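A.B. asks: Based on what follows, work out the 3D shape:
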Amino acid sequence: VQLAESGGGSVQPGGSLKLSCVVSGFSLSRSALAWVRQAPGKEREWISGMYNDGSSAYADSVKGRFTISRDLAKNTAYLQMNDLKPEDTAVYYCGRPAYGLHPGPQDPWGQGTQVTVSS
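C.D. replies: Numbering: from 1, shown residues only. Next up, the predicted model:
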């Protein structure tokens, strides 16, 4: 099982980025996937997840600005991030939760991709 994030970068406040999470060793049609982020000096924050049936959920901090999606043919999940704010600056990870939408430390994770929002 492997996950690989990409798409991070530096943007100005109000800008957009789209993160990708390419997975292998399992199918997104049979497994949930979640996005979390970790800012410097802070704990990991769950921000979004999608069940295998395609239903999704978001943290209040990103609801209305971020959208999770997937391409089953590519076995890839995405996180479209709009109206980015400086407080969105963090390393973003995708993970495969064993249960529900909240991966634990023992679950598979990608290596992370840095998102920096600054003017």
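
A.B. asks: From now on I want contacts and neighbour counts done on CA atoms only, so please keep to that.
C.D. replies: Will do.

A.B. asks: How far away from the center of its chain is the lengthiest strand in the chain?
C.D. replies: Criterion DSSP state E: the longest strand present in the chain is strand 17-24. Here the centre of strand 17-24 is set off from its chain's centre by 8 Å, with Cα atoms, centre = their mean, to the nearest Å.

A.B. asks: what packs against the helix or strand just after it?
C.D. replies: Beyond strand 17-24 on the C-terminal side, the first helix or strand identified by DSSP states H and E is strand 33-38. Packed against strand 33-38, as judged by 3 or more Cα pairs under 8 Å, 6 or more residues apart in numbering; DSSP states H and E, are the following elements: strand 45-50, strand 90-95.

A.B. asks: right, and these - which one's nearest G25?
C.D. replies: strand 90-95 (12.9 Å; Cα to Cα).

A.B. asks: and the closest one, what's its mean pLDDT?
C.D. replies: Across strand 90-95, the average pLDDT comes to 98.

A.B. asks: Can you list the neighbours in contact with it?
C.D. replies: Defining contact as Cα atoms under 8 Å, 6 or more residues apart in numbering, one finds that strand 90-95 is touched by 3-5, 21, 33-40, 103, 107-116.

A.B. asks: now the angle between strand 17-24 and that strand, please.
C.D. replies: 30 degrees (axes from the mean of the first three to the mean of the last three Cα atoms, to 10 degrees).
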